[in-house]
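Enquirer: missing the sequence, but the structure's below:
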């Protein structure tokens with residue numbers, strides 16, 4: 001019966017798309033208002049301002065887009081958005097407004113914004129880092145099944161059915177996946193290759209003990225450098241788990257620190273927790289040792305400084321983020337600290353057993369449940385994703401100001417000043433390979449080094465259609481997340497006192513919060529998911 005209903009839905013959707021295409025009057029299969037095929041809704045002679053798909057755009061509206069990142073302060077973003085909105089006004093009689101969730105306490109601010117009932121239109125999502133399924137469960141997003149074919153037809157037609165299936169909650173599409181963009185966002189440490197060589201380390205670092213040796217060398221030999229000028233909120237526990245276990249990250253959020261994992265790729269449907277294994281005490285002990293050795297500031301828990309700026313200034317020797325960040329930072333460091341030869345130790349390198357390919361819903365966009373203009377919002381999204389001019393503006397800025405094309409790559413214009421001219425939009429909700437322009441600011445050896453390394457050990461992402469329903473354990477899961485937020489930061493920065501006592505207190509409070517009930521429910525749902533996949 002379920003299969004019949006799904007088939008019927010797709011038949012009806014297909015008929016609707018064909019109907020729209022016939023109404024559109026020859027749009028080369030795009031069936032809609034985006035790209036160069038769109039009717040210019042801004043034509044004053046068209047009194048109703050009706051698009052080819054029959055959408056009335058006579059009323060001017062503003063469309064909000066919730067993104068994560070620190071709002072730029074040099075005015076360049078506003079200049080670029082003005083140009084974007086000229087096109088938006090012409091094509092769909094609308095204007096985009098960016099709403100920024102800044103990185104300070106971003107998890108709390110993001111979830112509060114979605115829970116507030118505020119009429120946000122477009123929302124950046126990520127199922128493996130932004131609690132998207134939890135927010136879907138709380139009713140934060142609008143059902144898109146009927147809206148997408150009419151108001152975002154190019155996007156609708158370009159995404160295959162299996163990817164739409166991974167974008168559903170309770171059988172309804174609640175997000176648009178960033179499914180056509182190649183990236184690696186697996187995390188690791190960034191360290192200076194020149195200083196590692198000074199420390200006698202001639203081979204790439206492959207474990208945390210190697211990082212410790214590197215940091216110890218800096219502490220002993222470079223008095224003006226903080227080995228790792230880590231800021232408050234720094235998080236490395238998940239990386240340690242990847243380095244020292246075979247466990248896999250699961251799409252279930254427990255706040256500041258991950259608590260639940262799958263046992264291994266071979267036992268991908270078996271839930272466990274590294275917090276209750278020896279690896280957690282090993283981690284807490286190492287972090288306490290690093291703190292005691294002075295690898296970061298004494299007040300690291302309150303440190304608001306930008307460690308990456310310190311790294312580029314030669315005042316810090318370590319950073320931590322993902323591969324995409326490294327690919328750009330390597331080029332920046334070559335200029336800021338010539339000869340530094342920035343290197344990356346990906347956490348997956350230690351064992352090479354648990355690196356999964358990226359989920360297509362690591363990035364994406366949802367429509368707010370309280371959006372007042374859902375139709376126009378999806379039309380705006382369709383333009384962002386499918387109109388090359390808008391895409392280049394939002395992702396790269398103004399040609400001639402932020403970049404020029406040189407030998408087929410984006411390069412900095414002559415006279416470019418980073419403080420004055422830097423631009424970013426933090427758009428991670430629908431990038432596509434077809435419009436990407438290679439950049440000279442991306443390390444040209446990334447493919448033959450790190451990408452090649454990953455290709456040898458990567459596993460397919462296996463949780464694309466697993467949606468953890470936290471309804472039966474919502475109170476317990478909230479309490480577990482409160483424990484990680486209250487006790488986790490001090491353990492991560494080695495400021496929780498005796499490691500054994502800190503770990504025992506952490507475990508005890510997790511138990512009191514309802515850890516066992518959550519674990520049992522997680523296992524129950526993983527069993528059902530395994531059966532669903534027929535494995």
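Expert: Everything's here; your move. Just so it is clear, the structure is predicted and the values come from calculations on it, not from any experiment.
Enquirer: contacts and neighbour counts: CA atoms only from here.
Expert: Fine.
Enquirer: just the mean pLDDT for the one helix or strand residue 195 maps to, thanks.
Expert: Using DSSP states H and E, residue 195 sits in helix 193-198. In this model, helix 193-198 carries a mean pLDDT of 98.
Enquirer: pull out the buried positions in that helix.
Expert: 193-196 (16 or more other Cα atoms under 10 Å).
Enquirer: so where's the chain shaky on pLDDT?
Expert: For the chain, residues meeting the criterion pLDDT under 70 lie at 1-53.
Enquirer: helix, strand, or coil at residue 96?
Expert: strand (DSSP: H, G, I helix; E, B strand; the rest coil).
Enquirer: picking up where we left off before, output the contacting helices and strands for the helix holding residue 195.
Expert: Packing partners of helix 193-198 (3 or more Cα pairs under 8 Å, 6 or more residues apart in numbering; DSSP states H and E): helix 208-221, strand 342-346.
Enquirer: need the helices for the stretch 51-200 of the chain, in chain order.
Expert: With DSSP state H, counting those that start in this stretch applied, the stretch 51-200 of the chain shows helices at 76-92, 106-115, 132-137, 148-151, 153-158, 161-165, 193-198, listed in chain order.
Enquirer: let me have the helices and strands packed on helix 193-198 in CSV, extended by distance to residue 442.
Expert: Shown next, in CSV, are the helices and strands packed on helix 193-198 (distance: least, Cα to Cα, whole Å):
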stretch, distance to residue 442
helix 208-221, 25
strand 342-346, 13
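Enquirer: pick the most buried one from the ones you listed.
Expert: Neighbour counts (mean count of other Cα atoms under 10 Å) averaged over each of the helices and strands packed on helix 193-198 peak at strand 342-346, with a mean of 24.
Enquirer: after that strand, heading C-terminal, what element do we hit next?
Expert: strand 364-367.
Enquirer: and of the buried residues of helix 193-198, the nearest to residue 362?
Expert: Of all the buried residues of helix 193-198, residue 193 has the smallest distance to residue 362: 30.4 Å, by Cα to Cα.
Enquirer: sorry, back to before: show me what the helix holding residue 195 is in contact with.
Expert: 202, 214, 218, 339-343 (Cα atoms under 8 Å, 6 or more residues apart in numbering).
Enquirer: recalculate using a threshold of 6 Å.
Expert: Identification of contacts with helix 193-198 by Cα atoms under 6 Å, 6 or more residues apart in numbering yields 214, 340-343.
Enquirer: ok, these vs residue 508, which is closest?
Expert: Closest to residue 508, out of all of the contacts of helix 193-198 and judged by Cα to Cα, is residue 214, at 34.7 Å.
Enquirer: any idea how far the closest one lies from residue 346?
Expert: The spacing between residue 214 and residue 346, counted by Cα to Cα, to the nearest Å, is 15 Å.
Enquirer: same check, this time on residue 289
Expert: 22 Å.
Enquirer: do the same with residue 261
Expert: 19 Å.
Enquirer: one more: residue 140?
Expert: For residue 140, the distance to residue 346 - Cα to Cα - is 34 Å.
Enquirer: can you give me the end-to-end span of stretch 361-374?
Expert: In stretch 361-374, first residue to last residue: 21 Å (Cα to Cα).
Enquirer: just the residues contacting that stretch, thanks.
Expert: 119-128, 140-142, 175-178, 428-430.
Enquirer: repeat for stretch 56-71
Expert: 48-50, 93-103, 120-124, 377.
Enquirer: now these: which count as buried?
Expert: Taking 16+ other Cα under 10 Å as the criterion, what is buried in the contacts of stretch 56-71 is 49-50, 93-96, 98-101, 120-124, 377.
Enquirer: from the residues you listed, which is closest to residue 526?
Expert: residue 124 (26.6 Å).
Enquirer: which residues does the closest one bridge with?
Expert: residue 365 (DSSP bridges).
Enquirer: check contacts around it.
Expert: 66-67, 364-365, 429.
Enquirer: between which two of the residues you listed is the distance greatest?
Expert: Among the contacts of residue 124, 66 and 364 lie farthest apart (Cα to Cα), at 11.6 Å.
Enquirer: residue 118: how many residues sit nearby?
Expert: When neighbours are counted by other Cα atoms under 10 Å, residue 118 registers 14.
Enquirer: grab the nearest non-local neighbour of it.
Expert: residue 370 (6.6 Å; Cα to Cα, 6 or more residues apart in numbering).
Enquirer: so the one you found, which of the three states?
Expert: coil.
Enquirer: give me the phi and psi angles of it.
Expert: phi -110, psi 20 (degrees, to the nearest 10).
Enquirer: same deal with the one 4 residues further on?
Expert: Residue 374 has phi and psi values of phi -60, psi -40 when expressed as degrees, to the nearest 10.
Enquirer: tally of neighbours for it?
Expert: Neighbours of residue 374 (other Cα under 10 Å): 21.
Enquirer: state the distance from it to residue 85.
Expert: Distance from residue 374 to residue 85, by Cα to Cα: 18 Å.
Enquirer: same deal with residue 464?
Expert: For residue 464 relative to residue 85 (Cα to Cα), the value is 35 Å.
Enquirer: what's the answer for residue 274, then?
Expert: Counting by Cα to Cα, the gap from residue 274 to residue 85 is 48 Å.
Enquirer: kindly report the same for residue 414.
Expert: Residue 414 is 27 Å from residue 85, by Cα to Cα.
Enquirer: neighbour count for these two, which is higher?
Expert: Set side by side, residue 414 and residue 85 show more neighbours around residue 85, with 20 against 10, by other Cα under 10 Å.
Enquirer: please look at the more buried one and residue 94 and confirm they touch.
Expert: No. Between residue 85 and residue 94 there is no contact under Cα atoms under 6 Å: 7.4 Å.
Enquirer: tell me how many other residues surround residue 463.
Expert: 17.
Enquirer: ok, back up a step: can you say which of the helices of the stretch 51-200 of the chain is packed in most?
Expert: Stretch with highest mean neighbour count among the helices of the stretch 51-200 of the chain: helix 148-151 (a mean of 24; mean count of other Cα under 10 Å).
Enquirer: and that helix, what does it pack onto?
Expert: With contacts defined as 3 or more Cα pairs under 6 Å, 6 or more residues apart in numbering; DSSP states H and E, helix 148-151 has these neighbours: helix 374-386.
Enquirer: okay, the angle between the helix it packs on and helix 76-92?
Expert: Put simply, helix 374-386 runs at 110 degrees to helix 76-92, going by axes from the mean of the first three to the mean of the last three Cα atoms, to 10 degrees.
Enquirer: now the helix or strand following helix 374-386 against helix 76-92, angle please.
Expert: Counting by DSSP H and E, the element after helix 374-386 in chain order, helix or strand, is helix 388-396. Angle between the axes of helix 388-396 and helix 76-92 is 160 degrees (criterion: the same axes, to 10 degrees).
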